[in-house]
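Colleague: here are the coordinates; sequence isn't available:
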Ligand code: AMP
Ligand code: GLY
């Protein structure tokens, strides 16, 4: 079967790596792809993903049997709807179902209606009532833009002044909608479920590192590193998440006439009262996919097909339980703010020569033999190990082989898991 994968990030590099391993995979096309994905398929930067008619025509011309949509933007733009309407099998939620990621307010309302544990919240379309709510609630408090913001539209305000500044800044945007919510305390973990509209099967756990600097300081980013498994999510907690969060979400979406098919990625806070939903994403995480895919021992393609065809019952996705995976994101100086493009990166092949290391590419561009930085998050240097510490050692040894003075990375990816490992806990 010929497969078209949409996207160009580190997540898509990791998905291409997993998809290309499948005996079911014929030709693999990646649109637009990045220099890393050329190892697994044919990049098609000429295909304009936002032009759904062009994507349909491409699928017809190349005999595509499955389209896998990596990022959120094409989901929210309704690419899956337009492909399915043309009889093309496409993995990912419809536009209506992708609102679980596209609108925080939509998700919060669903949580309220179906009793899904989440932070107490209120939605606002105007400045004055929002300020009054802040004054009544005090700090710490969390202020969020309603729409997609690549993980960057959130301010966890420690003080009332910070909260007010965040609210005022968001309402400078005409027509802004915001969510203000209770600040939750605990450890964060990411939980992934493959959904067929009715049922779900768990597809791994990970922990992300959202803040830009060591020690979880500085602004939020798309993610500076991750590891899998998230051992803090014990089997009992995983069952609780499936029962109290994932299952009622699928029921609610079906009851509303917008069943959810695809990857439901629950960003969780493990609070003293149990796991609570911080947010949903409706796709694999980036950089979480870069640690899930290298540990996946099952064939990904039949699982994606089963979800598209509406029946994941009886499906199981296995991960190598003896191996831990850890990825360190190398970003361009200035990220998550403005970055300069075009600096040269050397040593990627040397770093990836170790059998336990894979350097996934994201914001990169090839110019002849040279590899250039072309975005904020540029590389995700991933390693496997028999322990999290070994995976971390290998990942940072690989980072040291990469010669890119204009880049930076966090030095403490995996610190929580390693502290738990050192304490002899799970
Ligand atoms: P989001 O884009 O909703 O995932 O938020 C980005 C990050 O902000 C999360 O990963 C958390 O670290 C933090 N955050 C979001 N909502 C809350 C909350 N209610 N309480 C504490 N931290 C939060
Ligand atoms: N790593 C967070 C995300 O994919 O949104």
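Modeller: All right, it came through fine. No experiment lies behind these values; they were computed from the predicted model shown. Ligands and ions are numbered 1, 2, ... in the order given.

Colleague: any residues of the protein in contact with ligand 1? List them.
Modeller: Of all the residues in the chain, those in contact range of ligand 1 (Cβ under 6 Å from any ligand atom) are 119, 142, 144, 151, 154, 156, 181-184, 188, 210, 220, 267, 278-279. For glycine as for every other residue, the C-beta is placed from the backbone atoms N, C-alpha and C.

Colleague: which among those residues end up buried?
Modeller: Judged by neighbour count, with 16 or more other Cβ atoms under 10 Å as the criterion, the buried members of the residues of the chain next to ligand 1 are 119, 142, 144, 151, 154, 156, 181, 184, 188, 210, 220, 267, 278-279.

Colleague: how about low-confidence regions in the stretch 151-300 of the chain?
Modeller: Across the stretch 151-300 of the chain, the ranges flagged by pLDDT under 70 are 151-152.

Colleague: now do 90
Modeller: Judged by pLDDT under 90, the stretch 151-300 of the chain has its weakly predicted residues at 151-155, 173-176, 219-220.

Colleague: give me the contacts around stretch 338-358.
Modeller: When contacts are taken as Cβ atoms under 8 Å, 6 or more residues apart in numbering, the neighbours of stretch 338-358 outside the stretch itself are 17, 290, 294, 331-334, 359, 361, 364-365, 370-376, 378-379, 381-385, 394-395, 397-399, 401-407.

Colleague: now do the contacts for residue 278.
Modeller: With contacts defined as Cβ under 8 Å, 6+ apart, residue 278 is in contact with 118-119, 184, 188, 267-269.

Colleague: quick one on the thing from earlier: widest-spaced pair of the residues of the chain next to ligand 1?
Modeller: Taking Cβ to Cβ, the two most distant members of these are 151 and 182; they sit 19.3 Å apart.

Colleague: quick one on the thing from earlier: would you turn the buried ones among the residues of the chain next to ligand 1 into a markdown table with distance to residue 104 and secondary structure?
Modeller: Supplementary listing: those in a markdown table, determined by distance: Cβ to Cβ, whole Å; DSSP: H, G, I helix; E, B strand; the rest coil:
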| residue | distance to residue 104 | secondary structure |
| --- | --- | --- |
| 119 | 11 | coil |
| 142 | 10 | strand |
| 144 | 5 | strand |
| 151 | 12 | coil |
| 154 | 9 | strand |
| 156 | 14 | strand |
| 181 | 9 | strand |
| 184 | 14 | coil |
| 188 | 16 | strand |
| 210 | 16 | coil |
| 220 | 14 | strand |
| 267 | 11 | strand |
| 278 | 10 | strand |
| 279 | 7 | strand |
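
Colleague: can I get those residues in JSON lines with distance to residue 67?
Modeller: Formatted as JSON lines, those follow (distance: Cβ to Cβ, whole Å):
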{"residue": "119", "distance to residue 67": "35"}
{"residue": "142", "distance to residue 67": "35"}
{"residue": "144", "distance to residue 67": "31"}
{"residue": "151", "distance to residue 67": "25"}
{"residue": "154", "distance to residue 67": "30"}
{"residue": "156", "distance to residue 67": "36"}
{"residue": "181", "distance to residue 67": "35"}
{"residue": "184", "distance to residue 67": "36"}
{"residue": "188", "distance to residue 67": "31"}
{"residue": "210", "distance to residue 67": "29"}
{"residue": "220", "distance to residue 67": "30"}
{"residue": "267", "distance to residue 67": "26"}
{"residue": "278", "distance to residue 67": "29"}
{"residue": "279", "distance to residue 67": "25"}
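
Colleague: cool, thanks, signing off.
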